[in-house]
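*Asks:* I would like to see how this sequence folds:
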Amino acid sequence: MFSSGVLVILCSCVLLCSCRASHHVPSLAESAAVASGAINQPYKTAFHFQPLKNWMNDPNAPMYYKGYYHLFYQYNPTAAYWGNISWGHAVSTDLIHWLYLEEALVPDHWYDINGCWSGSATFLEDGKPAILYTGNSNSSQQMQNLAVPADPSDPLLRKWIKVPQNPVIVATANLNSSEFRDPTTAWIGADGKWRIVLGSRRKLRGLALLYKSPDFLQWEGTKHSLYTVTQTGMWECPDFYPVSVSTKSGLDTSRNGPNIKHVLKVSLDDTKHDHYITGTYLESSDSFVPDNTSIDAGIGLRYDYGKFYASKTFYDTKTGRRILLGWINESDSQADDVSKGWASVQAIPRRVWLDSQTGDHLLTWPVQEVEMLRGKKTFVESLLLTGGSVVNVKGADGAQIDLEVYFDMPNLTEAADVVDVSSANPQQLCSQGGSFQKSVAGPFGLLVLASDDLREQTTVFVYVFRSMTGWEAVVCSDQSRSSLAPNLDITVYGTFVSGDEETLSLRILVDHSIVETFVQGGKACITSRVYPTLAIDEAASLYLFNNGTMPIRVKSLTVWEMQSANLHNF
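*Replies:* Below you'll find the model as predicted:
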């Protein structure tokens, strides 16, 4: 049954297109016009955070302070590529609408003259914030520095002072000073000493180095690392924080004790993927004991199985949540970035909590505040997708949408496929034939940012397999036909999800050049960057499809047009 005003059109499943359009190289005048915002910007996002122009990467030192959320970020104030790294700064009252402020940190001392790199914020015992960050020195050595607000009574924290004692941590002789960076938010132990983690490596072994301080100025490394895993390479942007075993509520970073686990997240410099593992933090020995080393840090679980890197969480004292931020880099070329005058966006802030069913996985979900941007709604229910069908969802056009879809789980008979997920590679399964590799239950899913002739489409699809305890699914995000433009990264991403529920759900946020897919209430997430040439703005359409042999029923589909967030100078 369909709601009033919703019309669907059934057509044969002809999705493949190998056409490529010629690539336009802009003139200098066009490039200047793009950078200044004078001409159309089809790939600039409408409700994801990004600066007005130029390069951005890691989110840094997020916090809530005196009525404002603060986001600092790695920023090049002069160009749309990496270099001259400073700390950009923006504030918000709701994590969605942002006001740009002047740069908080710039490279102007010998210890950070080659860049103010990533770091974190900590609230000290008097309630005032402090920032520890990595400076790349005049001799290209990485060292840790401290900055404090010039006026802690200012809720905007517009000016920061680098303390005269900098650098407060330098690499000892047994460490490589060129791989020694990204201090975490600090936590304080029962002994009254502060602790932080730094990322490093020794040969191919990733290291989470532990440092302690009685006063936040004098730091000393411990004899052993907090944690280490071989064959994982350099660990960047570590994060270490507690999660509740029994509730969704976030915890202050210094919390520990019964019914609490800890999460260690590391960003792998070699693969540009963020991995995490849960376990127990033993304060008496300052050690971390993982729950399951078969899914160890740098090997197993990830926040996001697409483009998502250098992430950072913070405890939101306003709402009691733990919130996750992450950098979404580009999939085009540096020349394209220079032409359009900007590069990179931040993912929609996500709430993160422990999955009570597994006890060692995390769930992530877009913060509730993004729903304030929802506008016109299109609703479809009880739609049967026969094998080979494609359904155009009328009324759901556009490049700014938020959708939630529930598929009734098919009856997996003996004819259904069986896959050993312990040895299979989900990305390989997603890439082999993509949405055309027929099975019994799948592929089925959605085409987003699709042109009317389907020559361009970003496909989010699912294969379902039988398992001993219920079902297994491989969820895929396929950019291979997302654009007719050449020279793009069109990697197909995928991950496994298992369950025994009677429905399989997807939530997808589409924002011009970014597609964020959340699976089964946050069990997995896949983020993609795409650059359509035809499916732009209102020319972008939405389709449901089923290319498997078994009919699939759409229990419900809700699509909201999304309004634009307000981002401008303070």
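*Asks:* Rank the helices and strands of this protein by mean pLDDT and give me the bottom one.
*Replies:* strand 8-12 (a mean of 38; mean pLDDT, DSSP states H and E).
*Asks:* Please name the bridge partners of Leu264.
*Replies:* On the basis of DSSP bridges, Leu264 is bridged to Phe240, Ile277.
*Asks:* Then Ala90?
*Replies:* Residues in beta-bridge contact with Ala90 (DSSP bridges): Leu71, Tyr100.
*Asks:* tell me the contacts of it?
*Replies:* Shown in contact with Ala90 (CB atoms under 8 Å, 6 or more residues apart in numbering): Phe49, His70, Leu71, Tyr73, Trp98, Leu99, Tyr100, Leu101, Leu567. Quick note: C-beta positions are derived from backbone N, CA and C, even for glycine.
*Asks:* which of the residues you listed tops the neighbour count?
*Replies:* Tyr73 (27 neighbours; other CB atoms under 10 Å).
*Asks:* contacting residues around that residue?
*Replies:* Pro51, Met56, Asn57, Asp58, Pro59, Asn60, Trp87, Gly88, His89, Ala90, Gln346.
*Asks:* wouldn't the second one be in contact with Trp87 here?
*Replies:* No - using CB atoms under 8 Å as the test, Met56 is too far from Trp87 to be in contact (10.8 Å).
*Asks:* if I look at those two, which residues touch both of them?
*Replies:* Contact criterion CB under 8 Å, 6+ apart; residues shared by Met56 and Trp87: Tyr73, Gln74, Tyr75.
*Asks:* Looking at those residues, which one is closest to Ser246?
*Replies:* Relative to Ser246, the closest of the shared contacts of Met56 and Trp87 is Tyr73; by CB to CB it sits at 33.7 Å.
*Asks:* How about the closest one, nearest residue that isn't a chain neighbour?
*Replies:* Sequence neighbours aside, Gly88 is the residue nearest to Tyr73 in space, at 4.7 Å (criterion: CB to CB, 6 or more residues apart in numbering).
*Asks:* shouldn't that neighbour be in contact with Glu102?
*Replies:* No - using CB under 8 Å, Gly88 makes no contact with Glu102, being 9.1 Å away.
*Asks:* of those two, who's got more company?
*Replies:* Between Gly88 and Glu102, counted using other CB under 10 Å, the more crowded position is Gly88 (24 against 13).
*Asks:* That one is in what secondary structure piece?
*Replies:* strand 86-92 (DSSP states H and E).
*Asks:* how far is that strand from where the chain is centred?
*Replies:* Strand 86-92 has its C-alpha centroid displaced from the chain centroid by 18 Å (CA atoms, centre = their mean, to the nearest Å).
*Asks:* How about stretch 180-190?
*Replies:* Distance, stretch centre to chain centre, for stretch 180-190: 22 Å (CA atoms, centre = their mean).
*Asks:* Quick check: mean pLDDT of it?
*Replies:* Average pLDDT, stretch 180-190: 98.
*Asks:* buried set for that stretch?
*Replies:* Phe180, Arg181, Asp182, Pro183, Thr184, Thr185, Ala186, Trp187, Ile188 (16 or more other CB atoms under 10 Å).
*Asks:* Read off the pLDDT value for the residue nearest to Tyr73.
*Replies:* On the pLDDT scale, Gly88 gets 98.
*Asks:* residues touching it, list them.
*Replies:* Shown in contact with Gly88 (CB under 8 Å, 6+ apart): Pro51, Met56, Phe72, Tyr73, Gln74, Tyr75, Pro77, Tyr100, Glu103, Ala104.
*Asks:* cool, and Asp355?
*Replies:* Contacts for Asp355 (CB under 8 Å, 6+ apart) come out as His361, Leu362, Leu363, Lys523.
*Asks:* who's in contact with the first one?
*Replies:* Listed by CB under 8 Å, 6+ apart, the contact set of His361 reads Thr278, Leu301, Leu354, Asp355, Lys523.
*Asks:* let's see it at 6 Å
*Replies:* Residues near His361 by CB atoms under 6 Å, 6 or more residues apart in numbering: Asp355.
*Asks:* separation between the nearest residue to Glu371 once chain neighbours are set aside and Leu544?
*Replies:* Spatial nearest neighbour of Glu371, chain neighbours left out: Asp402 (7.5 Å); criterion: CB to CB, 6+ apart. Counting by CB to CB, to the nearest Å, the gap between Asp402 and Leu544 amounts to 16 Å.
*Asks:* Now do the strands in the stretch 301-450 of the chain.
*Replies:* 309-316, 321-328, 342-343, 345-346, 350-354, 362-366, 374-385, 389-393, 400-408, 444-450 (DSSP state E, counting those that start in this stretch).
*Asks:* wait, which of the ones you listed is closest to Tyr241?
*Replies:* strand 309-316 (5.7 Å).
*Asks:* Compute the mean per-residue pLDDT across that closest one, please.
*Replies:* 98.
*Asks:* Mind giving me the packing neighbours of it?
*Replies:* Applying 3 or more CB pairs under 6 Å, 6 or more residues apart in numbering; DSSP states H and E, we find strand 309-316 packed against strand 54-65, strand 235-244, strand 321-328.
*Asks:* and the last one, which strands flank it?
*Replies:* Meaning strand 321-328. Partners of strand 321-328, by DSSP bridges, with direction: strand 309-316 (antiparallel), strand 345-346 (antiparallel), strand 350-354 (antiparallel).
*Asks:* can I get those strands in CSV with distance to Leu132 and mean neighbour count?
*Replies:* Putting the strands paired with strand 321-328 into CSV (distance: least, CB to CB, whole Å; neighbours: other CB atoms under 10 Å) gives the following:
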stretch, distance to Leu132, mean neighbour count
strand 309-316, 13, 25
strand 345-346, 21, 25
strand 350-354, 22, 23
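*Asks:* Please report the distance of the residue nearest to Glu371 from Ser225.
*Replies:* From Asp402 to Ser225 the distance is 42 Å (CB to CB).
*Asks:* Between these two, tell me which one has more neighbours.
*Replies:* Asp402 (24 against 21).
*Asks:* For the more buried one, give me its contacts.
*Replies:* Listed by CB under 6 Å, 6+ apart, the contact set of Asp402 reads Leu509, Trp560, Met562.
*Asks:* Those residues in strands, which ones?
*Replies:* When DSSP state E is applied, those are split such that Leu509, Trp560, Met562 fall in strands.
*Asks:* Isn't the last one up against Gln400?
*Replies:* Translated: Met562. Yes - if you go by CB atoms under 6 Å, Met562 and Gln400 touch, sitting 4.2 Å apart.
*Asks:* Can you classify the closest residue to Pro443 other than its chain neighbours as helix, strand or coil?
*Replies:* Spatial nearest neighbour of Pro443, excluding adjacent residues (CB to CB, 6+ apart): Phe461 at 4.1 Å. Taking DSSP: H, G, I helix; E, B strand; the rest coil as the rule, one finds Phe461 in the strand state.
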